[in-house]
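# okay, sequence plus prediction incoming.
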Amino acid sequence: MTRIEQVQALLAAKRYSVTEGGADVLRVQELDSGITLQAALVEEILFFSVVCATVPAAKITASVMQKMLDADNGISTSHFQLSKGAGGTVITLNNFCKLQDMGPDDEDDIVSCVSYLLADVVQAKDLIGSEIS
């Protein structure tokens, strides 16, 4: 079993809906909230990303940027990233973990990374939602 297949099996066993999204890419959905994130394995690093919003570039004001970059904004384990998309500026939250031997420590890191990212995206939407909608 490949590493990405091990990640897929682990998250499915933790009651996430997991589907393949391409080579070494998974689409992971938390069933209760419906929040969907992407997991991508690049060598031994497992990157997680969730889209918070896609907005016109003009909505990314200095006030919004300050809230996203403030160390006391309540987003403790993930980081924001902005990128250009077809519908405007895509605001994502991102997290990652380094995989070693896919033992219990890696499994704990993966599950923790996903749960922290899911909590952070809820906080992020509360933090910037009113300013970008």
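Okay, I see it. Numbers count the residues shown, from 1 in each chain.
# give me the helices and strands touching the helix or strand containing Lys84, please.
Following DSSP states H and E, one finds Lys84 within strand 79-85. When contacts are defined as 3 or more CB pairs under 8 Å, 6 or more residues apart in numbering; DSSP states H and E, strand 79-85 sits against strand 45-55, strand 88-98. Placement of C-beta: from N, CA and C, glycine included.
# cutoff 6 Å now
Other helices and strands packing on strand 79-85, by 3 or more CB pairs under 6 Å, 6 or more residues apart in numbering; DSSP states H and E, are strand 88-98.
# what packs against the next helix or strand after the strand it packs on?
Sequence-wise, the next helix or strand downstream of strand 88-98 (DSSP H and E) is helix 104-132. With contacts defined as 3+ CB pairs under 6 Å, 6+ apart, helix 104-132 has these neighbours: strand 45-55, helix 62-69, strand 88-98.
# mean neighbour count and distance to Gly21 added to these, as JSON lines?
Listed next are the helices and strands packed on helix 104-132 as JSON lines, based on neighbours: other CB atoms under 10 Å; distance: least, CB to CB, whole Å:
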{"stretch": "strand 45-55", "mean neighbour count": "18", "distance to Gly21": "11"}
{"stretch": "helix 62-69", "mean neighbour count": "13", "distance to Gly21": "26"}
{"stretch": "strand 88-98", "mean neighbour count": "18", "distance to Gly21": "15"}
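# in TSV: these, plus distance to Ser130 and mean pLDDT.
Formatted as TSV, those follow (distance: least, CB to CB, whole Å; pLDDT from 0 to 100):
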stretch	distance to Ser130	mean pLDDT
strand 45-55	12	96
helix 62-69	10	94
strand 88-98	14	96
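# all set, thanks.
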